[in-house]
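**Q** quick one, fold the following:
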Amino acid sequence: MDGKDQTMDESSYRKNKGPSMKAYNTKKLREKTSEVNEIMRLIHTTSITETNNLACARARLEVELMGIQAPTPSSQPTQQKPKQQLPWKRLLEKQIMVMRSDLSKLKEMAKKRIRSKKTREALNEKYKVQEKGLNNTIEDIKMRIKAKVRKIQQCMNRNKGYQQNKLFRTNQKRLYSQLRGEDNHQEIPEAEPSKRLLESIWNNPVSHNKHAIWLQEVKAEEMGRIEKRFTEITTDTV
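**A** Below you'll find the predicted structure:
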């Protein structure tokens with residue numbers, strides 16, 4: 001396949017993009033570019049789409065003539081990198097994990113299941129167990145964990161609200177689509193079980209006890225009430 005046929009073949013693919021050359025020899029590139037220009041003069045285009053495809057094919061051809069391997073489009077979808085966790089959130093979650101581990105050790109200490117003297121001394125030095133008392137220390141750590149968890153939730157809600165307010169000012173359509181997407185995650189119950197449940201309730205007549213004690217009590221309470229008559233308010237009344 002000569003240069004002209006190769007260029008025509010490349011120009012038939014609209015999605016092919018010309019790869020960029022990060023390192024090249026200027027003299028060699030000038031020579032190859034002049035060769036490609038001679039070939040391009042022999043190709044005529046009739047639309048802007050063909051011209052665009054031809055420009056992409058020209059870049060690809062120059063790269064191949066320079067001996068640089070052009071990237072090939074991958075058939076597999078690219079995997080998105082997981083979002084990095086916020087530093088402050090990662091720090092708080094690490095602290096919570098450590099405190100939960102210490103809390104379980106203190107509970108085991110209360111049941112006298114920890115035999116390691118080194119562990120008991122470390123916990124006593126860290127939380128002043130002998131001064132506060134073991135039960136008070138356990139309750140104190142529980143409250144600390146709850147406070148840190150609540151702090152994470154409040155910060156995340158505040159951050160989410162800030163992002164939504166910013167998106168409302170810049171792109172309301174995207175904001176509403178995100179809100180609808182969050183609502184769509186709710187599970188929709190199946191129609192057939194719901195239909196059977198409602199049919200079992202409404203299609204089966206049930207007779208209730210008309211002489212129940214609570215009905216008599218309600219009637220006795222209502223006997224002393226005086227019915228309030230309707231009073232029409234007019235302009236003269238006001």
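**Q** okay, now the domains of this structure?
**A** With automatic domain parsing as the criterion, the domains of the chain are listed as 3-65, 87-183.
**Q** what would those domains look like in CSV with distance to Ile233?
**A** From N, CA and C alone the C-beta is placed, and that goes for glycine too. What follows is the domains of the chain, written out as CSV (distance: least, C-beta to C-beta, whole Å):
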stretch, distance to Ile233
domain 3-65, 75
domain 87-183, 44
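**Q** figure out which of the ones you listed is closest to Pro193.
**A** Distances from Pro193 to each of the domains of the chain were compared by C-beta to C-beta, and the smallest falls on domain 87-183, at 22.4 Å.
**Q** returning to what we had before: determine which of the domains of the chain approaches Gly224 most closely.
**A** Scanning the domains of the chain with C-beta to C-beta as the criterion, the closest one proves to be domain 87-183, at 50.2 Å.
**Q** show me the helices in this structure, by range?
**A** Counting by DSSP state H, the chain has helices at residues 3-10, 26-40, 48-65, 87-110, 117-127, 129-132, 134-170, 172-183, 191-202, 213-223.
**Q** got JSON lines for the ones you listed, with mean neighbour count and mean pLDDT too?
**A** Written out in JSON lines, the entries for these read as follows (neighbours: other C-beta atoms under 10 Å; pLDDT from 0 to 100):
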{"stretch": "helix 3-10", "mean neighbour count": "15", "mean pLDDT": "48"}
{"stretch": "helix 26-40", "mean neighbour count": "13", "mean pLDDT": "76"}
{"stretch": "helix 48-65", "mean neighbour count": "17", "mean pLDDT": "76"}
{"stretch": "helix 87-110", "mean neighbour count": "14", "mean pLDDT": "91"}
{"stretch": "helix 117-127", "mean neighbour count": "13", "mean pLDDT": "90"}
{"stretch": "helix 129-132", "mean neighbour count": "13", "mean pLDDT": "88"}
{"stretch": "helix 134-170", "mean neighbour count": "13", "mean pLDDT": "91"}
{"stretch": "helix 172-183", "mean neighbour count": "11", "mean pLDDT": "78"}
{"stretch": "helix 191-202", "mean neighbour count": "9", "mean pLDDT": "82"}
{"stretch": "helix 213-223", "mean neighbour count": "9", "mean pLDDT": "83"}
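**Q** mind putting those helices in TSV, distance to Thr235 included?
**A** Rendered in TSV, the data for those read as follows (distance: least, C-beta to C-beta, whole Å):
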stretch	distance to Thr235
helix 3-10	88
helix 26-40	91
helix 48-65	76
helix 87-110	64
helix 117-127	75
helix 129-132	74
helix 134-170	47
helix 172-183	47
helix 191-202	48
helix 213-223	35
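**Q** so which of these is nearest Asp236?
**A** Between those, helix 213-223 lies closest to Asp236; by C-beta to C-beta that is 34.1 Å.
**Q** mind saving the C-alpha coords of the closest one as CSV?
**A** Listed next in CSV are the C-alpha coordinates belonging to helix 213-223 (Å, rounded to 0.1, in the frame of the first residue of the first chain):
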residue,chain,number,x,y,z
ILE,A,213,-66.6,-1.7,75.5
TRP,A,214,-64.6,1.0,74.0
LEU,A,215,-67.5,2.0,71.7
GLN,A,216,-69.7,2.4,74.7
GLU,A,217,-67.2,4.5,76.5
VAL,A,218,-66.8,6.8,73.5
LYS,A,219,-70.6,7.1,73.2
ALA,A,220,-70.8,8.0,76.9
GLU,A,221,-68.2,10.7,76.5
GLU,A,222,-69.9,12.2,73.4
MET,A,223,-73.4,12.2,75.1
